[in-house]
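Novice: Provided below are the primary sequence and the corresponding predicted coordinates.
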Amino acid sequence: MTASTSANVRGAAFWVCYAVTVISAVVSIAFSIGAVSDGGLEQVDALYAASRSTALVVLALVAPMFRSDAALLAIAVAMTIVQGIDAFIGAIEGDLLKTVAPAVLCLATIIAATFLARSDRVRSAD
């Protein structure tokens, strides 16, 4: 593989992982804000979830500023865990949307992160 092709693969892998991670983080914060709106400020658990979701969105949005694969992969792993747990909670509640949507985002993030991690191997094989 030429250096140009390798760079293109790496660039595509980074931006695909970035897009999926940001979508996952935005969906997570949207559900958190919805929970705060439904329960008001008395719903302390929803406020804690919203604070964590806000931090993840900010980290996901600033990741391209540093162009660090490792940083983006760390955020992707965090979002995978969050979405996986959200899918589990949705299943316990018996809510199909709150089970399937996070499960799909969890799997999409795993695939995108794997694509990014493997692009590094392609790059180092040259």
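Specialist: Received, thanks.
Novice: so who does Gln83 touch?
Specialist: Ser24, Ser28, Pro102, Ala103, Leu105, Cys106, Thr109 (CB atoms under 8 Å, 6 or more residues apart in numbering). From N, CA and C alone the C-beta is placed, and that goes for glycine too.
Novice: can you do 6 Å?
Specialist: Gln83 is in contact with Ser24, Pro102, Leu105, Cys106, counting by CB atoms under 6 Å, 6 or more residues apart in numbering.
Novice: Flag every buried residue along the strand or helix carrying it.
Specialist: Here Gln83 is covered by helix 69-93, with elements defined by DSSP states H and E. Within helix 69-93, the residues scored as buried using 16 or more other CB atoms under 10 Å are 69, 72-73, 75-76, 78-80, 82-84, 86-87, 90.
Novice: from the residues you listed, which is closest to Val62?
Specialist: Ile75 (9.6 Å; CB to CB).
Novice: And the helix ranked longest in the chain, what does it pack against?
Specialist: Using DSSP state H, we find that the single longest helix of the chain is helix 3-39. Applying 3 or more CB pairs under 6 Å, 6 or more residues apart in numbering; DSSP states H and E, we find helix 3-39 packed against helix 44-66, helix 69-93, helix 96-124.
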